[in-house]
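Q: requesting a structural model of the entry that follows:
(chains A and B)
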Amino acid sequence: MFLSVVPYSPQYGLPFSQSKQGKVAELRQELNSGGKKDKNHSAKKIALKKIVANMTMSNNDMVALFPDVIGCMNLPSLEIKKMCFLFLVNYSRAKPDIALKALPILVDDMEDSNPLVRALALRTISYVHVREFVEATVAPVKRLMQDMDPYVRKTAAFCVAKLYEHDKKMVESSDLIDRLNSMLKDENPTVVSSVLASLVDIWGRSESISLTIDYASASKLVSILPDCSEWGQSYILEALMSYVPQDSAEALLLAERIAPRLSHSNSAVVLTSIRVILYLMNYIADERHVTSLAKKLSPPLVTLLSKPPEVQYLALRNAILILQKRPEVLRNDIRVFFCNYNDPIYVKVTKLELIFMLTTKENISVVLAELREYATEIDVHFVRKAVRAIGKLAIKIESAARQCIDTLLDLVNAKIPYIVQEATVVIRNIFRKYPNQYENIISNVIQNIDELDEPEAKAAIIWIIGQYADRIENSDGLLQDYLATFHDETIEVQLALLTATVKFFIQRPTKGQQLVPQVLKWCTEETDDPDLRDRGYMYWRLLSTDPAAAKQVVMGEKPPISAESEKLDPKTLEELCLNVGTLATVYLKPVQQVFRNARTRRLQYSPALQKPQEEASSAAGWQIPAAAQVAASSPTAATAANPTGFPMTGAAAGDMNAAVSAADNYFNSVGSQQMAALDLGGRGDGGAGGGGASQTQYVVNQNQQQVYQPQLAGGAATGELLLL
Amino acid sequence: MLSGILVFNQKGENLIFRSFRSDCRPRLADIFRIQVISNPQVRSPILTLGSTTFSHVKHENIYLVAVTKSNANAALVFEFLYRLVMLGRSYFGKFDEEAVKNNFVLIYELLDEILDYGYPQNTETDTLKMYITTEGVRSAIANSATDSSRITMQATGALSWRRSDVKYRKNEAFVDVIEDVNLLMSATGTVLRADVNGQIVMRAYLSGTPECKFGLNDRLLLDGDSAGGGSGGGGGSSFGGGSSGMVSGNRDGTTKATRAAAGSVTLEDCQFHQCVKLGRFDADRIISFVPPDGEFELMRYRATENVNLPFKVHPIVREVGTTKVEYSVAIKANYSSKLFATNVVIRIPTPLNTAKTTERTSQGRAKYEPEHNNIVWKIARFSGGSEYVLTAEATLTSMTHQKAWSRPPLSLSFSLLMFTSSGLLVRYLKVFEKSNYSSVKWVRYMTRAGSYEIRF
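A: Numbering: from 1, shown residues only, chains lettered A, B, ... in the order given. This next block holds a predicted model:
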């Protein structure tokens, strides 16, 4: 291969190691050498190859060769043409005035007799973000949309979407979109799928455009699926999300015709099919049909686990989602989610979440044995999650609590510091969930107190000391040990210490009366933290006003905690189910929270729409077609569907009513639980719903996302949403 | 869809930068380098910063990165990246930094062809090789308008994976059934998980536009399908003698007998190459297709019932105090004595503070690999029914910070011909072509270890 002359051989060194002018001059000379003798332009080809190779690697130096490259553009060689076009696409933005010289050549080429050349010219001209180019494309593209050759037509279809990106107004005021629409009648399936991809792309960029597909078109699209490439199938399936079934039977028929796609080897086709089928299920009345469709979704999802790890990850994240929407899917499959030793960490952590979700009374023994195994692995992050999962299972499945506690104690005995710390945190939660049942293990927990050096674990043990001050013999000594370093502790630990000291005082007033004034003084006079100070004053006043009431408040019965908080709120769940397979499902967050510019999808109202049981009463929340263009939900929707949360989308659109009423709702619901949160050594996420504060790991509801996001997120640091 | 495709080497140098939308700015290359390549904390293949998402896969010594700006179809993004890897391998043999540096132009040309405005287009190797080649000579074909039309029809047609002018003097098709058997066994010897990921790879050297029908001992099909479906057909179809003596005879006459003996297999799920008519499979479980020319993966399947485990392993590992670990590992072949497995490798983990090991085996050789903390026991040929034992001892150095040994599972790798863990058999492959030529078909079975792990 003569390509080895591209300048990577040692004598050239890296392209940018040479002086800029020298390099450019040399290449220019090479490009213009050869003259008439060079019949096949092989000298020019070699020079151009070097230029292309240098394009990426040596920053923008090559832009100086722009005029020379344009000079080669008209040579009768497709190979040279392609290289020149590539150069043009790369540099036209930097030098629009020089780029203009290439315009006539491109316009000419769009009339070439060779379809590959016509398509190439059209594809190239529409990449150039320069006004003259955009304007010069409009007339030819209209012609090429009706070209004889399907390859040219599909290129023209994508071209409209490109033009729309360059100049929205121009496209909207022309008849390009209408023409694009009429191309849906094309007899070539590849062209049709390209048209759909283009339309959906345009739809995604503009709130003013709506995309509707009627049953006849949807049915026709499904019938051409088998004749499309795998990518084309994905585009068609994606577009089918814009079809709103008006009739239950139509939805069923279509879903059944799409189901064979679940056996496709391309995971994009599989996941997009799952998305469409899940979507159509919302419009199917007969529960038996829905169940039988749901059954079909399970095997393909599991099969994706034999794909490369990135695809596995995606399949697993979507399994988490689908499981919440349709718990019957995957019900019997817990073992397939057991981790292989060599799975990448992001796969393991997601599998762990699924194992947690799928654990029941029946399989708890198998699961605990498995989790115990994970707790001995090397990756600290994963081990911690495994330990935490054991603790959460104790809370989720009451009958298995004893078993979980035994497993935890077993692990604690190995005295590996991070396991001990994690276990301490979850045991605190178990105490919290089952008061007066398992306190006999307090001594086992306390004996590892020296191993704890992380704030969360310290706060947990301090909570235990405070809560059970009267049962732990040397509770005063333990507490004093911690108080000795009070000023060096993190705010989380300080808050826990304050509360524990007050509890201690209430339970053992004689021993506590020296400690309390000291701690209150620190918290009120010697701290800069407003939370700590406020809580300090609160206790101070409480204790000085009415000690009996103080006891009632501080040692009062706590609202129970539950482990079911891993659930997404229904609105987010509904939205994500309409986005199966997309990036948002990796983050399991409302789409607009991750992608601010994304257009949201909502279930559209139709007579066939089945209302999910849990919100049967809030039918007003469904969008009615007339209002469907704007993402903002009506106030009723925001509050009815989401009683304890802030509205997700409403506020952004200036819907103040919704925001205000939701906020009121929120604070009303918090009230009584605020104390409980404080009691837990609350972490400032006050009142994420009773006891939510103690359950950060798997929680993906909207109040917890900040905690969930950075290091703890499934698959580690996937998504700090920094601004670029 | 995709805003751009970037390729980096391990040092973080940006080798390829192709943007498809104006929102993919050059500085994104620096952001990826800083946030992913030089950040050891990153453990996910997907990173979203602001509205930009980087999805990457690593292959050989390069990073292939897709940049997206919206809530893109992530499955499609990764499928595309893997397809790009596949294309690279089929063009350059090995797709690594060197191949990229030697083929800038070709890669840019490919990217321009297989993505339009960031939407994947036809990515079939066969079609692409008609007009995008390493030699640059062949693209001369594309210079004439009529030849070009042939290419464009091919690229947009319903059979985009196959050229119409394929000709062979001898028409042959090879079918490889390759199963990866996965096992996860607990320390107490309970099978936690056993399943099979099967793959059927076909090499088709068939002229014209052949319609193939492919039959397996699939329980769902056989239940519905009474007296023997495998009647050969398609002009002298028969599986005969073998390329390496590993071929099972499955002549028409013997089909019924084989079926009775082998029983049928329940396939949990199947996924097919895009050439397979999925509608037909869904309706009557018939696998029918027009194959691409040459090698391709026809289908993948999964089986979880009645998995035959080729090897039983029984490890006894004893930690003697803090200074010594004693091993006794017995392994027994659980298949017919007519068969033999090759390249059996058993990896037996040792503690991280192992100083030295001694090992004795009744067959094969064992060696300590300190860099992997393993004793590696290799048995080149393992006949069915036999049983071998390894005894070993690892001496440990004392450590100041004594931490319990995590005891990673013992793992196996092997390959075993003429055996399918799932019990799957190919019943027939019929080829129909309008010129009605006769063709020869071969089938070969192999079982390999997927993730074959035994805890102890």
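
Q: tell me where the model's unsure across the chain.
A: Reading this off chain A. Residue ranges of chain A with pLDDT under 70: A:1-21, A:34-39, A:58-60, A:563-566, A:612-724.

Q: please go with chain B instead
A: B:134-144, B:222-262, B:400-403.

Q: just want the most central residue of it.
A: Nearest to the mean C-alpha position of chain B, by C-alpha atoms, centre = their mean, lies B:Gln199 at 7.2 Å.

Q: for the residue of the stretch 101-250 of chain B found nearest chain A, grab the count of nearby residues.
A: In the stretch 101-250 of chain B, the residue that lies nearest chain A is B:Thr152 (3.3 Å; C-beta to the nearest C-beta). In short, each C-beta sits where N, CA and C put it, glycine included. Applying other C-beta atoms under 10 Å in any protein chain shown, we find 28 residues neighbouring B:Thr152.

Q: quick revisit: any idea which helix or strand comes after the helix or strand containing the residue nearest to the centre of chain B?
A: With secondary structure defined by DSSP states H and E, B:Gln199 is part of strand B:191-205. Moving toward the C-terminus from strand B:191-205, the next helix or strand (DSSP H and E) is strand B:211-216.

Q: that next one close to chain A?
A: No. Strand B:211-216 is not in contact with chain A by C-beta under 8 Å from any C-beta of the partner chain; minimum separation 13.9 Å.

Q: okay, angle between that strand and strand B:191-205 too, please.
A: Compare the direction of strand B:211-216 with that of strand B:191-205 by axes from the mean of the first three to the mean of the last three C-alpha atoms, to 10 degrees and you get 150 degrees.

Q: show me where the stretch 201-350 of chain B has its strands.
A: B:211-216, B:269-272, B:287-289, B:294-303, B:311-320, B:324-333, B:340-349 (DSSP state E, counting those that start in this stretch).

Q: mean neighbour count, those strands: which tops it?
A: strand B:269-272 (a mean of 23; mean count of other C-beta atoms under 10 Å in any protein chain shown).

Q: and the closest residue to A:Lys81 other than its chain neighbours, how many neighbours does it have?
A: Spatially, and ignoring its direct neighbours in sequence, A:Lys81 is nearest to A:Met73 (6.6 Å; C-beta to C-beta, 6 or more residues apart in numbering or on different chains). As a burial measure, A:Met73 scores 19 neighbours (other C-beta under 10 Å).

Q: pretty sure A:Met73 contacts A:Pro104?
A: No. The criterion here is C-beta atoms under 8 Å, and A:Met73 misses it with A:Pro104 at 10.0 Å.

Q: interface residues of the stretch 251-400 of chain A facing chain B?
A: A:259-261, A:263-268, A:270-272, A:299-300, A:302-303, A:306, A:308-311, A:313-314, A:335-336, A:338, A:340-342, A:344-346, A:366, A:369-370, A:373, A:376-378.

Q: next: the stretch 551-700 of chain A.
A: A:579, A:581-587, A:591, A:594-598.

Q: got a quick PyMOL command for the buried subset of these?
A: To isolate the buried members of those in PyMOL, using 16 or more other C-beta atoms under 10 Å in any protein chain shown:
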select buried, chain A and resi 579+581+582+583+584+585+586+587+591+594+595+598
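
Q: and the residues of the stretch 551-700 of chain A next to chain B, which two are furthest apart?
A: With C-beta to C-beta as the measure, no two of those lie farther apart than A:Gly581 and A:Arg596, at 20.6 Å.

Q: which secondary structure element is home to residue 395?
A: With no chain named, the answer covers chain A. helix A:380-396.

Q: nope, chain B
A: strand B:387-396.

Q: wait, doesn't the residue nearest to the centre of chain B sit right on B:Ile178?
A: Yes. In this structure, B:Gln199 is within contact of B:Ile178 by C-beta under 8 Å, at 4.8 Å.

Q: sorry, back to before: any idea which helix or strand comes after the strand holding B:Thr395?
A: strand B:410-417.

Q: in its sheet, which strands sit next to that following strand, and in what direction?
A: Its sheet considered, strand B:410-417 pairs with strand B:340-349 (antiparallel), strand B:440-454 (antiparallel) by DSSP bridges.

Q: now the helix holding A:Ile395: buried residues?
A: So for helix A:380-396, counting by 16+ other C-beta under 10 Å, buried means A:382-396.

Q: again with stretch A:506-520
A: A:Ile506, A:Gln507, A:Lys511, A:Gly512, A:Leu515, A:Val516, A:Val519, A:Leu520.

Q: using PDB, write out every CA atom in that stretch.
A: This file holds the C-alpha atoms of stretch A:506-520, laid out as PDB (Å, rounded to 0.1, in the frame of the first residue of the first chain):
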ATOM      1  CA  ILE A 506     -33.300  13.300  78.300                       C
ATOM      2  CA  GLN A 507     -32.700   9.700  79.100                       C
ATOM      3  CA  ARG A 508     -30.000  10.100  81.700                       C
ATOM      4  CA  PRO A 509     -30.400  13.600  83.100                       C
ATOM      5  CA  THR A 510     -27.800  13.300  85.800                       C
ATOM      6  CA  LYS A 511     -25.000  12.300  83.600                       C
ATOM      7  CA  GLY A 512     -26.100  14.500  80.800                       C
ATOM      8  CA  GLN A 513     -26.400  17.800  82.600                       C
ATOM      9  CA  GLN A 514     -22.800  18.700  82.300                       C
ATOM     10  CA  LEU A 515     -22.600  17.700  78.600                       C
ATOM     11  CA  VAL A 516     -25.700  19.500  77.300                       C
ATOM     12  CA  PRO A 517     -24.800  23.100  78.200                       C
ATOM     13  CA  GLN A 518     -21.300  22.600  76.800                       C
ATOM     14  CA  VAL A 519     -22.600  21.200  73.400                       C
ATOM     15  CA  LEU A 520     -25.300  23.800  73.100                       C
END
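
Q: how far does that stretch sit from the chain's center?
A: Relative to its chain's centre, stretch A:506-520 lies at 48 Å (C-alpha atoms, centre = their mean, to the nearest Å).

Q: so where does the residue of the stretch 101-250 of chain B closest to chain A fall, helix or strand?
A: helix B:145-156.

Q: show me what that helix is packed against.
A: helix A:115-125, helix A:150-166, helix A:189-205, helix B:125-131 (3 or more C-beta pairs under 8 Å, 6 or more residues apart in numbering or on different chains; DSSP states H and E).

Q: mind checking what secondary structure the closest residue to chain B within the stretch 351-500 of chain A has?
A: Per C-beta to the nearest C-beta, A:Thr376 is where the stretch 351-500 of chain A lies closest to chain B, at 4.8 Å. Of the three states, A:Thr376 takes coil under DSSP: H, G, I helix; E, B strand; the rest coil.

Q: list the residues that contact the closest residue to it other than its chain neighbours.
A: Leaving aside its chain neighbours, A:Thr376 sits nearest to B:Ser406 (4.8 Å; criterion: C-beta to C-beta, 6+ apart). With contact taken as C-beta atoms under 8 Å, 6 or more residues apart in numbering or on different chains, B:Ser406 is in contact with A:Thr376, A:Glu377, A:Ile378.

Q: next up, phi/psi of A:Pro76, please.
A: phi -80, psi 60 (degrees, to the nearest 10).

Q: measure it to A:His41 for me?
A: 9 Å (C-beta to C-beta, to the nearest Å).

Q: follow-up on the earlier one: please pick the buried ones from the residues of the stretch 251-400 of chain A next to chain B.
A: Listed as buried from these are A:259-261, A:263-268, A:270-272, A:299-300, A:302-303, A:306, A:308-311, A:313-314, A:335-336, A:338, A:340-341, A:344-346, A:366, A:369-370, A:373, A:376-377; burial here means 16+ other C-beta under 10 Å.

Q: looking at the residues you listed, which are in helices?
A: A:267-268, A:270-272, A:299-300, A:302-303, A:309-311, A:313-314, A:345-346, A:366, A:369-370, A:373 (DSSP state H).

Q: wait, doesn't the residue of the stretch 351-500 of chain A closest to chain B sit right on B:Arg455?
A: No. Look at A:Thr376 against B:Arg455 with C-beta under 8 Å: they stay out of range, at 9.8 Å.
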